[in-house]
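Student: Structure for this input, please:
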Amino acid sequence: MSKESSLSPEARSIIGAMVSRRAVLAGAGGLGAAGLLAACGGSDSADGANGVRWGNWPLYLDFDEETKTYPTLEKFKEQSGINAEYFEDYNDNDEFYGKVQAQLKLGEDIGYDVVTPTDWMAARWIRLGYTQKFDAANIPNKSNILASLASPSFDPNREQTLTWQGIMGGFGWNVEKNPKGIRTIEDLFAPQNKGKIVVLSEMRDTIGIILLSQGVNLQTVTEDQFMNAIDFMEKKIADGWIRGVKGNEYAEDLTSGDATAVIGWSGDMFILKSENEGKFDFALPESGGTISGDNFVIPSTVSAEGKANAEKLINFYYDPAIAAEVAAYVNYVCPVEGAQAEMEKIDPALAASPFIFPDAAMSSKLNVFRSLTPAEETAWGEAYQKAAGN
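Tutor: Below you'll find the predicted structure:
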């Protein structure tokens with residue numbers, strides 16, 4: 001209880017959110033390599049009355065391998081008459097931001113009407129004036145957001161963001177190479193994994209998990225503690241343990257065999273497990289894992305027509321039945337009240353899973369990295385990029 005009282009509103013809200021970005025519907029085809037990239041970039045066509053362009057992360061929306069379509073997105077298009085274009089263009093928050101920053105600054109179209117940055121990056125977009133406030137009348141299902149997620153410090157009234165999914169960071173591994181699994185940082189750096197470890201380019205997940213293994217509270221982490229963790233990672237890279245610091249493409253390293261162990265995201269790992277006959281697995285570290293949220297955001301550069309269409313899309317995905325369909329595939333923390341009950345109709349086993357609906361034991365292991373000042377964000381980010389070799 002003392003731990004909970006020390007957490008930020010974001011930590012308490014996300015941990016209290018009940019649903020996760022985890023597995024695949026029983027019998028549903030996984031997202032194969034051919035379907036990983038539906039597109040390689042946002043559309044250059046102007047947004048308008050009949051279209052909406054959504055930029056999101058890979059392995060983050062229900063996918064039908066046979067038809068090569070996203071079933072819920074097809075439902076949206078049929079019901080709304082809006083042509084929705086979906087782009088799996090997020091590999092890393094900084095990388096994506098770097099791609100669109102110049103256009104945002106100039107007020108030019110960035111090729112997307114709705115995007116999904118992680119909490120800390122959504123806070124940056126808001127701080128720089130790169131988002132638009134929602135028209136609440138267009139998103140009546142906004143009321144379905146879990147009460148625990150309704151008031152984050154970066155958007156207290158949820159006027160410019162709504163959670164898409166929550167993300168657990170922990171250990172993923174090849175079960176043939178790691179038959180006992182990976183539960184500690186020592187397990188990760190076991191001899192069989194030397195030269196075949198990949199860690200996330202998301203600083204708060206990779207350094208957060210290292211810090212937790214060192215007994216550091218992520219809500220009170222100091223610069224010295226942070227830099228100690230940076231030194232740890234840098235030495236593991238120099239000594240040949242870590243082969244890469246990557247965004248979502250770490251999944252490709254696992255499937256190719258170039259990596260046997262990762263600091264990765266829960267939903268990605270469970271999809272890989274389903275696709276590859278149980279070859280991979282995931283667990284939160286004994287010392288604790290990380291949790292954060294990705295958010296629907298409408299860029300400041302979107303036209304009135306594109307904005308209205310984006311709001312209709314957001315409203316559609318805040319329907320509990322639709323949210324449950326997505327959660328059953330992606331297995332990340334779903335933010336929509338009522339989705340668990342709808343999940344019962346889809347797959348009772350998934351509805352009971354602590355990775356879909358974290359129980360008290362799971363929630364006690366989840367930690368949110370504290371908010372950084374702009375100066376810390378710059379200095380700590382630069383230190384991380386330097387350690388990563390960028």
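Student: Dihedrals phi and psi, Gln165?
Tutor: Taking degrees, to the nearest 10, you get phi -150, psi 160 for the backbone angles of Gln165.
Student: Who is the nearest residue to it once chain neighbours are set aside paired with across the strands?
Tutor: Residue nearest to Gln165 in three dimensions, not counting chain neighbours: Tyr332, with 3.9 Å by C-beta to C-beta, 6 or more residues apart in numbering. Using the backbone N, CA and C atoms, a C-beta is placed for each residue, glycine as well. When assigned by DSSP bridges, Tyr332 has beta-bridge partners Arg21.
Student: from memory Tyr332 sits against Thr118, does it?
Tutor: No. Counting by C-beta atoms under 8 Å, Tyr332 stays clear of Thr118, with 12.0 Å between them.
Student: Looking at these two, which has the bigger crowd around it?
Tutor: More crowded of Tyr332 and Thr118, by other C-beta atoms under 10 Å: Tyr332, with 31 against 20.
Student: so what's in contact with Tyr332 and Thr118 at the same time?
Tutor: Counting by C-beta atoms under 8 Å, 6 or more residues apart in numbering, the contacts common to Tyr332 and Thr118 are Ile167.
Student: With Glu377 as the reference, measure out to the residue nearest to Gln165.
Tutor: 24 Å (C-beta to C-beta, to the nearest Å).
Student: Please report how far Asp294 lies from Asn141.
Tutor: Distance, Asp294 to Asn141, by C-beta to C-beta: 18 Å.
Student: typo on my end, Gly181
Tutor: In terms of C-beta to C-beta, Gly181 sits 39 Å off from Asn141.
Student: Which of these two has more residues huddled nearby?
Tutor: For the pair Gly181 and Asn141, the greater number of neighbours falls to Asn141 (18 against 12), based on other C-beta under 10 Å.
Student: Dump stretch 308-326 to CSV, keeping only the CA atoms.
Tutor: Only the C-alpha atoms of stretch 308-326 are listed here, as CSV (Å, rounded to 0.1, in the frame of the first residue of the first chain):
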residue,chain,number,x,y,z
ALA,A,308,-14.0,14.9,-37.7
ASN,A,309,-13.3,11.6,-39.3
ALA,A,310,-10.5,10.8,-36.9
GLU,A,311,-12.9,11.5,-34.0
LYS,A,312,-15.4,9.0,-35.5
LEU,A,313,-12.6,6.4,-35.7
ILE,A,314,-11.6,7.0,-32.0
ASN,A,315,-15.2,6.8,-31.0
PHE,A,316,-15.6,3.5,-32.9
TYR,A,317,-12.7,1.9,-31.0
TYR,A,318,-14.0,3.0,-27.7
ASP,A,319,-17.0,0.7,-28.2
PRO,A,320,-16.5,-2.1,-25.6
ALA,A,321,-17.2,-4.9,-28.1
ILE,A,322,-14.8,-3.5,-30.6
ALA,A,323,-12.2,-2.8,-27.9
ALA,A,324,-12.5,-6.5,-26.8
GLU,A,325,-11.9,-7.7,-30.4
VAL,A,326,-8.7,-5.7,-30.6
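Student: model confidence over it, on average?
Tutor: Per-residue pLDDT over stretch 308-326 has a mean of 97.
Student: chain center to that stretch, what's the gap?
Tutor: Relative to its parent chain, stretch 308-326 has a centroid offset of 17 Å by C-alpha atoms, centre = their mean, to the nearest Å.
Student: same question, stretch 278-297
Tutor: From the chain centre to the centre of stretch 278-297 is a distance of 9 Å (C-alpha atoms, centre = their mean).
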